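Visitor: below are the sequence and a predicted model for it; my questions follow.
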Amino acid sequence: MANEVRTRFAPSPTGYLHLGGLRTALYTYLLAKKHGGKFILRIEDTDQEREVPGAVELIYKSMRQAGLVYDEGPDVGGDFGPYIQTQRRDLYPKYAWELVEKGGAYCCFCTKEEIEAQRKEAEAKGETWKYNKKCLHSVPLEEAKRRIAAGEPYVIRQNVPTTGKASFDDMLYGHVEVDCDTLDDTVLIKADGLPTYNFANVIDDHLMNITHVTRGTEYLSSAPKYNLLYEAFGWTPPTYLHLPPVMIESILVDKQTKEPILDENGNTQPIVRKLSKRYGDPSFEDLLSQGYLKEAIINFIALLGWAPKGTNEEFFSMEDLVKVFDENGINKSPAIFNTEKLRWFNAEYIRRMTPEAYAEAAKPWLSKVLDPEKFDLDRLCELLQARTEVFGELPGMVDFLAEMPELDMALFTNKKSKSTPETSKTALAFVRPILEGITDWTEANLHDVVMEAIPQTGMKNATVLWPLRIAITGRAATPGGAFEMAYLLGRDQTMKRLDAAMARL
RNA sequence: GCCUCCAUGGUCAAGCGGUCAAGACGUUGCCCUCUCAAGGCAAAAUCAUGGGUUCGAUUCCCAUUGGAGGUGCCA
């Protein structure tokens, strides 16, 4: 399989997998799978200072939960391992030296401090800083080797041509070309001996036979430089697919206090920014724990900045996505994460569940506030399914069943049902004995008996039923009407709450 | 500042020289109705601006404006 497509998702373990990363992983997976190829996970942990403990495990977990099964990776093995860059550390210098011998790179003995000073100076003058190739010109290779042998710290820099153009071709963005003189001689091997991303990605992608490189557009402007590296090695560059970032619209807040920063008129200021953990934007894990379905999240995230060709269909399982995915449908500009649409997708997936599956998913949430022994949770689930957008909101929707909330008497005044405290008082006085007379406390009985009696009052149904529901639930909105609520509460609770409300009217 | 990329409603978007410029979310109204949902129906809302090219531009080119990214011994 010489032409087998091999893609890789290569996160650095600096925290959880946020939605932008998840989408990159998803597209990378889909690209491989639609060609029947392999999807590989590689951990890019060459920046040891930024590494967060436990982040690697969290990545594995998130990938599994999302259904992004990788064919090769640190915890599943493969023929091109190791798949963690720090475990490949001995590999990189060898290639770097090969490049040095070929003239594509050189040793640099300038210290971080010297470089920093130069950069500051250039910045003060408003110029773009670029390393001046001092060590390339002033330190011959033999001398460099001697100094290194003597233990002097050094880095290896890419030797970018000073003239001409560098370019690459992207599946989405097409041909991208830059003047070499705008490019800096970036560090390939750091003083700690580890490679920078700039070098490691090229080496590893080549060594792992990666055919398609997918990554964020933050690499778009440095990609020509990577191609220079491929050329210097005499390697064929991979096919590139750069993906725009995912943004979120929020309000401007203080980074420390998280308090909104107001403008001169005292209003909050809307801003669009990249999704980030720093501001507490939800990760995949967060959304799952809030009660979003993974299928809904994946479906939503797939459609964020991408649309399938030739169809208006919006619902796709992972299998569907593999079939229908087409990189040409990716939008080139950043997409804004829209919580409303995610909620809708989630609600829609919930409505499409079988009642049994719904009940199974909902009961743990309901049990947080309701004793399963005391309530007919199956009936409650039936009522709740069409009203559930996010499972995490369930407890707040039903807690009034467990305990009667503080009754707001203003609720007895309602325009639509023509209710006033007076009509409510009358209505409740009328309904109470009827309810009390019902011995078989079923929803159907409650409904039939009360509905049959209402015409005697000369009031419309709502004028009688609105106050009843308010009296026993204390809520303006409930997941069902007066009869459903009365049934769920049971006879004792219903009568008790009714009496308490009547006493106050 | 410099470099790269991008630009259709509030959001996600279809479109790829001739369309009354799809669809979805959200919004608004109506219907249904014992509340809220769900469901049904309807509506408002988009081609950033200015120049070209063309018989004809949302579509091609240029500029402007706006946005994103890069400019690290971070990825």
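Guide: Looks like it came in fine. Numbers count the residues shown, from 1 in each chain, chains lettered A, B, ... in the order given.
Visitor: for the stretch 1-150 of chain A, just list every one of the helices.
Guide: A:19-34, A:55-66, A:91-102, A:112-124, A:134-138, A:141-149 (DSSP state H, counting those that start in this stretch).
Visitor: among the ones you listed, which is nearest RNA strand B?
Guide: Set against RNA strand B and scored by CB to the nearest atom of the strand, these come closest in helix A:112-124, at 4.2 Å. Where you see a C-beta, it was placed from the backbone N, CA and C, and this is true even at glycine.
Visitor: residue in chain A nearest to RNA strand B?
Guide: Closest point on chain A to RNA strand B, by CB to the nearest atom of the strand, is A:Gly481, at 2.3 Å.
Visitor: go ahead and confirm that residue touches A:Arg469.
Guide: Yes - between A:Gly481 and A:Arg469 there is a contact at 6.4 Å, judged by CB atoms under 8 Å.
Visitor: more neighbours: which of those two?
Guide: Taking other CB atoms under 10 Å, A:Gly481 and A:Arg469 do not tie; A:Arg469 has more neighbours (23 against 15).
Visitor: what's the helix or strand for that one?
Guide: helix A:461-473 (DSSP states H and E).
Visitor: helices or strands next to that helix in the packing?
Guide: With contacts taken as 3 or more CB pairs under 8 Å, 6 or more residues apart in numbering; DSSP states H and E, helix A:461-473 sits against helix A:421-436, helix A:443-453, helix A:482-504.
Visitor: I'd like to know which of these lies nearest to A:Glu249.
Guide: Checking those against A:Glu249 by CB to CB gives helix A:482-504 as the closest, at 37.9 Å.
Visitor: show me what the closest one is packed up against.
Guide: Helix A:482-504 sits against helix A:377-385, helix A:394-402, helix A:421-436, helix A:443-453, helix A:461-473, with contacts defined as 3+ CB pairs under 8 Å, 6+ apart.
Visitor: got those helices as a markdown table, with mean pLDDT and distance to A:Lys61 columns?
Guide: Listed next are those as a markdown table, based on pLDDT from 0 to 100; distance: least, CB to CB, whole Å:
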| stretch | mean pLDDT | distance to A:Lys61 |
| --- | --- | --- |
| helix A:377-385 | 97 | 29 |
| helix A:394-402 | 97 | 25 |
| helix A:421-436 | 96 | 52 |
| helix A:443-453 | 96 | 43 |
| helix A:461-473 | 97 | 40 |
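Visitor: a markdown table please, covering those and showing distance to RNA strand B.
Guide: Converted to a markdown table, these look like this (distance: least, CB to the nearest atom of the strand, whole Å):
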| stretch | distance to RNA strand B |
| --- | --- |
| helix A:377-385 | 8 |
| helix A:394-402 | 9 |
| helix A:421-436 | 11 |
| helix A:443-453 | 5 |
| helix A:461-473 | 4 |
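Visitor: most tightly surrounded among those?
Guide: Ranked by mean neighbour count under mean count of other CB atoms under 10 Å, those are led by helix A:461-473, which reaches a mean of 23.
Visitor: distance from that helix to the middle of the chain?
Guide: A distance of 42 Å separates the centroid of the chain from that of helix A:461-473, by CA atoms, centre = their mean, to the nearest Å.
Visitor: which elements pack onto the lowest-mean-pLDDT helix or strand in chain A?
Guide: When the helices and strands of chain A are scored by mean pLDDT, DSSP states H and E, strand A:270-274 comes last with a mean of 85. Under the contact criterion of 3+ CB pairs under 8 Å, 6+ apart, strand A:270-274 touches strand A:246-251.
Visitor: give the buried residues for the strand it packs on.
Guide: Using 16 or more other CB atoms under 10 Å as the test for burial, strand A:246-251 gives A:246-248, A:250.
Visitor: now swap in stretch A:80-100 and tell me
Guide: A:80-81, A:83-85, A:88-89, A:91-93, A:95-96, A:99-100.
Visitor: any residue of it touching RNA strand B?
Guide: No - Stretch A:80-100 is not in contact with RNA strand B by CB under 7 Å from any atom of the strand; minimum separation 8.1 Å.
Visitor: helices of the stretch 201-350 of chain A, residue ranges please.
Guide: A:223-233, A:284-290, A:294-302, A:318-324, A:339-351.
Visitor: packing partners for the fourth one?
Guide: The contact analysis (3+ CB pairs under 8 Å, 6+ apart) places helix A:318-324 against helix A:19-34, helix A:294-302.
Visitor: show me which residues of the stretch 101-250 of chain A sit near RNA strand B.
Guide: A:110-112, A:115, A:119, A:126-129, A:153, A:155, A:173-174, A:176-179, A:182, A:184, A:186-187, A:190-192, A:194, A:196-198, A:217-222, A:244-245, A:247, A:249.
Visitor: if we go to 6 Å?
Guide: A:111-112, A:115, A:119, A:126, A:128-129, A:155, A:173, A:176, A:178, A:182, A:184, A:187, A:190-191, A:196-197, A:217-222, A:245 (CB under 6 Å from any atom of the strand).
Visitor: thanks again, I'm all set now.
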